[in-house]
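K.L.:
Requesting a structural model of the entry that follows:
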Amino acid sequence: MIIIKLQGGLGNQMFQYAAARSISGDKPVYFDLNFLSANTTSTSTLTARHFELAIFNNIRFKTANRFMKPLIESRKAIYRYIKRILMPRAVFICQTENNEFINLQEITSATIYLDGYFQNENYFKSIREQLLLDFKFPSLNGAGKKKRAILEAQNPVALHVRRGDYLRPEVEAFHGILPLSYYQKAKDKLEMQVSNPHYFVFSDDPEWCRLNFGFLGDNVTIVSETAANTWEDMYLMSLCHHNIIANSSYSWWGAWLNTNPGKVVIAPYNWFVSAKADIVPSNWIKI
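P.N.:
Now for the predicted structure:
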(Lines give C-alpha, C1' and ligand atoms only; values in the text may rest on other atoms or scores of the structure.)
Protein backbone atom coordinates (compact mmCIF):
# COMPACT_ATOMS: atom_id res chain seq x y z
CA MET A 1 0.00 0.00 0.00
CA ILE A 2 1.45 3.35 -1.11
CA ILE A 3 -0.08 6.31 0.72
CA ILE A 4 0.65 9.90 -0.31
CA LYS A 5 -0.29 13.04 1.58
CA LEU A 6 -1.85 15.52 -0.85
CA GLN A 7 -1.04 19.19 -0.37
CA GLY A 8 -0.82 22.24 -2.60
CA GLY A 9 -2.66 22.94 -5.85
CA LEU A 10 -3.12 20.87 -8.98
CA GLY A 11 0.56 20.90 -10.04
CA ASN A 12 1.84 19.84 -6.63
CA GLN A 13 -0.79 17.13 -6.32
CA MET A 14 0.33 15.80 -9.71
CA PHE A 15 3.94 15.64 -8.49
CA GLN A 16 2.82 13.76 -5.40
CA TYR A 17 0.67 11.31 -7.32
CA ALA A 18 3.39 10.70 -9.92
CA ALA A 19 5.99 9.88 -7.27
CA ALA A 20 3.63 7.47 -5.51
CA ARG A 21 2.51 5.96 -8.83
CA SER A 22 6.12 5.15 -9.69
CA ILE A 23 6.31 2.62 -6.85
CA SER A 24 2.69 1.44 -6.65
CA GLY A 25 2.93 -1.07 -9.49
CA ASP A 26 -0.51 -2.20 -10.61
CA LYS A 27 -2.16 -1.24 -7.33
CA PRO A 28 -4.08 2.00 -6.75
CA VAL A 29 -2.45 4.88 -4.89
CA TYR A 30 -3.97 5.80 -1.53
CA PHE A 31 -4.57 9.53 -1.03
CA ASP A 32 -4.40 11.06 2.44
CA LEU A 33 -6.76 14.07 2.12
CA ASN A 34 -6.59 15.16 5.75
CA PHE A 35 -4.29 18.13 5.13
CA LEU A 36 -6.56 19.51 2.39
CA SER A 37 -9.72 19.07 4.46
CA ALA A 38 -8.09 20.61 7.53
CA ASN A 39 -6.86 23.74 5.71
CA THR A 40 -9.84 25.24 3.92
CA THR A 41 -9.06 28.87 4.76
CA SER A 42 -6.19 30.80 3.19
CA THR A 43 -3.73 32.57 5.47
CA SER A 44 -0.78 34.87 4.86
CA THR A 45 1.45 31.85 4.28
CA LEU A 46 -0.91 29.18 2.97
CA THR A 47 -3.34 29.09 0.06
CA ALA A 48 -6.30 26.83 0.75
CA ARG A 49 -6.69 24.08 -1.84
CA HIS A 50 -9.03 21.23 -2.52
CA PHE A 51 -8.64 17.79 -4.04
CA GLU A 52 -7.99 18.56 -7.71
CA LEU A 53 -6.87 15.21 -9.15
CA ALA A 54 -10.49 14.08 -9.51
CA ILE A 55 -10.53 15.66 -12.99
CA PHE A 56 -8.36 12.78 -14.24
CA ASN A 57 -10.64 9.82 -14.86
CA ASN A 58 -7.75 7.46 -15.58
CA ILE A 59 -6.18 7.74 -12.13
CA ARG A 60 -6.75 4.69 -9.93
CA PHE A 61 -6.86 5.73 -6.31
CA LYS A 62 -8.45 5.07 -2.96
CA THR A 63 -8.85 7.39 -0.01
CA ALA A 64 -6.64 6.46 2.93
CA ASN A 65 -8.06 6.04 6.40
CA ARG A 66 -7.37 9.18 8.43
CA PHE A 67 -5.59 7.13 11.07
CA MET A 68 -2.97 5.74 8.67
CA LYS A 69 -0.53 8.63 9.09
CA PRO A 70 -0.44 8.65 12.90
CA LEU A 71 -0.41 4.86 12.89
CA ILE A 72 2.76 4.80 10.79
CA GLU A 73 4.41 8.05 11.95
CA SER A 74 3.51 8.55 15.61
CA ARG A 75 5.83 7.58 18.44
CA LYS A 76 2.94 7.28 20.90
CA ALA A 77 2.86 3.91 22.61
CA ILE A 78 -0.66 3.02 21.48
CA TYR A 79 0.12 3.66 17.83
CA ARG A 80 3.45 1.83 18.05
CA TYR A 81 1.65 -1.16 19.58
CA ILE A 82 -1.01 -1.27 16.84
CA LYS A 83 1.56 -0.74 14.12
CA ARG A 84 3.68 -3.61 15.46
CA ILE A 85 0.67 -5.91 15.13
CA LEU A 86 -0.89 -4.72 11.85
CA MET A 87 1.99 -3.42 9.72
CA PRO A 88 5.36 -3.87 11.42
CA ARG A 89 7.40 -3.01 8.32
CA ALA A 90 5.50 0.11 7.33
CA VAL A 91 7.79 3.03 6.46
CA PHE A 92 7.19 6.77 6.89
CA ILE A 93 9.05 8.98 4.40
CA CYS A 94 9.10 12.72 5.07
CA GLN A 95 10.81 15.12 2.71
CA THR A 96 12.02 18.49 4.00
CA GLU A 97 11.28 21.82 2.31
CA ASN A 98 14.69 21.51 0.61
CA ASN A 99 13.01 19.00 -1.72
CA GLU A 100 15.95 16.58 -1.39
CA PHE A 101 15.84 13.55 -3.68
CA ILE A 102 14.89 10.29 -1.95
CA ASN A 103 15.42 7.05 -3.83
CA LEU A 104 11.97 5.52 -3.42
CA GLN A 105 12.88 2.52 -5.54
CA GLU A 106 15.24 1.30 -2.81
CA ILE A 107 12.44 1.06 -0.22
CA THR A 108 11.16 -2.50 -0.14
CA SER A 109 8.36 -2.27 2.43
CA ALA A 110 4.87 -3.15 1.21
CA THR A 111 3.41 -0.18 3.12
CA ILE A 112 4.93 3.26 2.56
CA TYR A 113 3.59 6.65 3.63
CA LEU A 114 4.97 9.60 1.62
CA ASP A 115 4.92 13.16 2.96
CA GLY A 116 6.55 15.72 0.68
CA TYR A 117 6.36 17.53 -2.64
CA PHE A 118 8.64 15.24 -4.70
CA GLN A 119 9.20 17.91 -7.37
CA ASN A 120 11.70 16.05 -9.52
CA GLU A 121 10.97 14.10 -12.70
CA ASN A 122 13.59 11.51 -11.74
CA TYR A 123 10.94 10.01 -9.48
CA PHE A 124 8.68 9.16 -12.38
CA LYS A 125 10.19 9.78 -15.82
CA SER A 126 10.52 5.99 -16.27
CA ILE A 127 6.70 5.78 -16.32
CA ARG A 128 6.14 8.82 -18.54
CA GLU A 129 3.88 6.97 -20.99
CA GLN A 130 1.70 5.75 -18.12
CA LEU A 131 1.47 9.25 -16.66
CA LEU A 132 0.49 10.72 -20.02
CA LEU A 133 -2.48 8.34 -19.90
CA ASP A 134 -3.23 9.00 -16.22
CA PHE A 135 -3.14 12.77 -16.73
CA LYS A 136 -5.46 12.81 -19.74
CA PHE A 137 -7.61 15.92 -19.39
CA PRO A 138 -11.40 15.90 -19.78
CA SER A 139 -13.09 17.65 -22.69
CA LEU A 140 -12.95 21.42 -22.66
CA ASN A 141 -16.13 23.20 -21.72
CA GLY A 142 -16.45 26.45 -23.61
CA ALA A 143 -12.74 26.85 -24.41
CA GLY A 144 -12.85 25.21 -27.82
CA LYS A 145 -11.97 28.46 -29.63
CA LYS A 146 -8.78 28.79 -27.59
CA LYS A 147 -7.79 25.23 -28.41
CA ARG A 148 -8.40 25.77 -32.12
CA ALA A 149 -6.34 28.97 -32.08
CA ILE A 150 -3.39 27.09 -30.56
CA LEU A 151 -3.67 24.14 -32.92
CA GLU A 152 -3.90 26.43 -35.96
CA ALA A 153 -0.93 28.63 -34.98
CA GLN A 154 2.36 27.97 -36.77
CA ASN A 155 4.59 27.92 -33.70
CA PRO A 156 2.45 28.29 -30.56
CA VAL A 157 4.42 29.12 -27.40
CA ALA A 158 2.83 28.92 -23.96
CA LEU A 159 4.06 31.68 -21.65
CA HIS A 160 3.00 31.44 -18.01
CA VAL A 161 2.98 34.26 -15.46
CA ARG A 162 2.29 33.41 -11.82
CA ARG A 163 1.24 36.28 -9.57
CA GLY A 164 -1.92 35.85 -7.45
CA ASP A 165 -0.92 34.31 -4.11
CA TYR A 166 2.77 35.00 -4.86
CA LEU A 167 2.03 38.68 -4.26
CA ARG A 168 1.44 38.09 -0.56
CA PRO A 169 4.63 39.24 1.23
CA GLU A 170 5.19 35.99 3.15
CA VAL A 171 4.67 33.88 0.04
CA GLU A 172 6.80 36.14 -2.15
CA ALA A 173 9.63 35.93 0.39
CA PHE A 174 9.80 32.18 -0.23
CA HIS A 175 8.79 31.77 -3.88
CA GLY A 176 9.70 35.13 -5.38
CA ILE A 177 7.99 36.76 -8.36
CA LEU A 178 9.78 36.54 -11.68
CA PRO A 179 10.75 39.97 -13.04
CA LEU A 180 9.69 41.15 -16.47
CA SER A 181 13.34 40.86 -17.52
CA TYR A 182 13.09 37.07 -17.17
CA TYR A 183 10.39 36.96 -19.85
CA GLN A 184 12.28 39.37 -22.09
CA LYS A 185 15.38 37.16 -21.91
CA ALA A 186 13.28 34.02 -22.40
CA LYS A 187 11.72 35.52 -25.53
CA ASP A 188 15.15 36.35 -26.97
CA LYS A 189 16.46 32.88 -26.11
CA LEU A 190 13.48 31.10 -27.59
CA GLU A 191 13.54 33.08 -30.83
CA MET A 192 17.10 31.93 -31.44
CA GLN A 193 15.58 28.48 -32.04
CA VAL A 194 11.96 29.12 -33.00
CA SER A 195 10.89 31.30 -35.92
CA ASN A 196 7.61 33.21 -36.10
CA PRO A 197 6.34 32.21 -32.64
CA HIS A 198 2.84 33.09 -31.50
CA TYR A 199 2.76 33.64 -27.74
CA PHE A 200 -0.23 32.38 -25.78
CA VAL A 201 -0.08 34.01 -22.35
CA PHE A 202 -1.52 32.20 -19.34
CA SER A 203 -1.76 33.92 -15.99
CA ASP A 204 -3.81 34.42 -12.85
CA ASP A 205 -3.37 38.14 -13.55
CA PRO A 206 -4.25 38.60 -17.24
CA GLU A 207 -4.80 42.34 -16.89
CA TRP A 208 -1.22 42.85 -15.63
CA CYS A 209 -0.01 40.88 -18.63
CA ARG A 210 -1.97 43.10 -21.04
CA LEU A 211 -0.26 46.14 -19.56
CA ASN A 212 3.27 44.76 -19.50
CA PHE A 213 3.83 42.34 -22.38
CA GLY A 214 3.88 44.78 -25.25
CA PHE A 215 7.45 43.65 -26.03
CA LEU A 216 6.02 40.38 -27.38
CA GLY A 217 4.77 42.25 -30.45
CA ASP A 218 1.59 41.54 -32.37
CA ASN A 219 1.70 37.74 -32.27
CA VAL A 220 0.34 37.39 -28.78
CA THR A 221 -2.94 36.16 -27.27
CA ILE A 222 -3.87 36.61 -23.63
CA VAL A 223 -5.64 33.32 -22.99
CA SER A 224 -6.55 33.19 -19.32
CA GLU A 225 -9.86 34.18 -17.84
CA THR A 226 -10.38 34.36 -14.12
CA ALA A 227 -13.55 32.28 -14.38
CA ALA A 228 -11.90 29.36 -16.16
CA ASN A 229 -11.51 25.93 -14.59
CA THR A 230 -8.09 25.57 -12.97
CA TRP A 231 -7.04 22.69 -15.20
CA GLU A 232 -8.02 24.24 -18.54
CA ASP A 233 -5.01 26.53 -18.80
CA MET A 234 -2.64 23.65 -18.00
CA TYR A 235 -4.24 21.58 -20.74
CA LEU A 236 -3.98 24.41 -23.27
CA MET A 237 -0.34 25.02 -22.29
CA SER A 238 0.43 21.36 -22.95
CA LEU A 239 -0.92 21.72 -26.51
CA CYS A 240 1.58 24.45 -27.42
CA HIS A 241 4.78 23.47 -29.25
CA HIS A 242 7.08 25.27 -26.80
CA ASN A 243 6.86 26.62 -23.25
CA ILE A 244 8.20 29.51 -21.20
CA ILE A 245 7.28 28.58 -17.66
CA ALA A 246 7.14 30.40 -14.35
CA ASN A 247 8.53 29.12 -11.04
CA SER A 248 5.28 27.25 -10.64
CA SER A 249 4.44 23.55 -10.62
CA TYR A 250 1.36 24.48 -12.64
CA SER A 251 3.26 25.51 -15.78
CA TRP A 252 5.95 22.89 -15.05
CA TRP A 253 3.32 20.26 -15.78
CA GLY A 254 2.00 22.18 -18.77
CA ALA A 255 5.49 21.84 -20.27
CA TRP A 256 6.10 18.26 -19.12
CA LEU A 257 2.83 17.07 -20.67
CA ASN A 258 3.76 18.75 -23.96
CA THR A 259 4.44 15.81 -26.31
CA ASN A 260 6.16 17.78 -29.09
CA PRO A 261 9.48 15.89 -29.54
CA GLY A 262 11.26 19.10 -30.59
CA LYS A 263 9.90 21.30 -27.83
CA VAL A 264 11.93 24.11 -26.33
CA VAL A 265 11.21 24.72 -22.66
CA ILE A 266 12.64 27.72 -20.84
CA ALA A 267 12.52 27.84 -17.04
CA PRO A 268 13.89 30.14 -14.32
CA TYR A 269 17.29 29.22 -12.92
CA ASN A 270 16.20 30.06 -9.38
CA TRP A 271 12.95 28.32 -8.52
CA PHE A 272 12.79 29.74 -5.00
CA VAL A 273 14.25 32.87 -3.44
CA SER A 274 16.82 31.05 -1.33
CA ALA A 275 15.91 27.36 -0.99
CA LYS A 276 17.83 25.09 -3.34
CA ALA A 277 15.82 22.96 -5.74
CA ASP A 278 16.45 20.50 -8.54
CA ILE A 279 13.06 20.80 -10.18
CA VAL A 280 13.88 21.73 -13.77
CA PRO A 281 14.70 18.72 -16.03
CA SER A 282 18.20 18.71 -17.47
CA ASN A 283 17.03 19.07 -21.08
CA TRP A 284 15.14 22.31 -20.36
CA ILE A 285 16.88 25.69 -20.70
CA LYS A 286 17.44 27.58 -17.46
CA ILE A 287 17.99 31.33 -17.48
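K.L.:
S42 contacts A48, correct?
P.N.:
Yes. The pair S42 and A48 passes the contact test of Cβ atoms under 8 Å, sitting 4.6 Å apart. C-betas here are computed from N, CA, C, even on glycine.
K.L.:
Could you pull out the strands in the stretch 101-250 of the chain for me?
P.N.:
Here the stretch 101-250 of the chain has its strands, by DSSP state E, counting those that start in this stretch, at 112-115, 156-161, 198-203, 220-222, 242-244.
K.L.:
could the ones you listed be laid out in CSV, adding mean neighbour count, mean pLDDT and distance to W271?
P.N.:
CSV is the format used below for those (neighbours: other Cβ atoms under 10 Å; pLDDT from 0 to 100; distance: least, Cβ to Cβ, whole Å):
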stretch, mean neighbour count, mean pLDDT, distance to W271
strand 112-115, 22, 95, 20
strand 156-161, 27, 97, 14
strand 198-203, 24, 96, 18
strand 220-222, 17, 93, 25
strand 242-244, 27, 98, 15
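K.L.:
where exactly do the helices run in this protein?
P.N.:
For the chain, the helices defined by DSSP state H cover 10-21, 34-38, 68-73, 77-86, 128-134, 144-152, 169-175, 180-190, 206-212, 230-239, 249-256.
K.L.:
Report the contact partners of K62.
P.N.:
For K62, the contact set (Cβ atoms under 8 Å, 6 or more residues apart in numbering) comprises P28, V29, Y30, F31.
K.L.:
From K27, how far off is it?
P.N.:
Noted for K62: a distance of 9 Å to K27, by Cβ to Cβ, to the nearest Å.
K.L.:
thinking again about what came up before, neighbour-wise, which of the contacts of K62 leads?
P.N.:
V29 (25 neighbours; other Cβ atoms under 10 Å).
K.L.:
Need the nearest residue in space to that one, chain neighbours excluded.
P.N.:
The shortest distance from V29 to any non-neighbouring residue, by Cβ to Cβ, 6 or more residues apart in numbering, is to A20 (4.5 Å).
K.L.:
my guess is the one you found contacts L114, does it?
P.N.:
Yes. Judged on Cβ under 8 Å, A20 makes contact with L114 at a distance of 5.8 Å.
K.L.:
which residues are in contact with both of those two?
P.N.:
Shared contacts of A20 and L114, counting by Cβ under 8 Å, 6+ apart, come down to I2, I3, I4.
K.L.:
mind checking how far the residue nearest to the first one when sequence neighbours are not counted is from R168?
P.N.:
Nearest-residue entry for I2: S24, 4.4 Å, with adjacent residues in sequence omitted and distances by Cβ to Cβ, 6+ apart. Between S24 and R168 the distance is 35 Å, computed by Cβ to Cβ.
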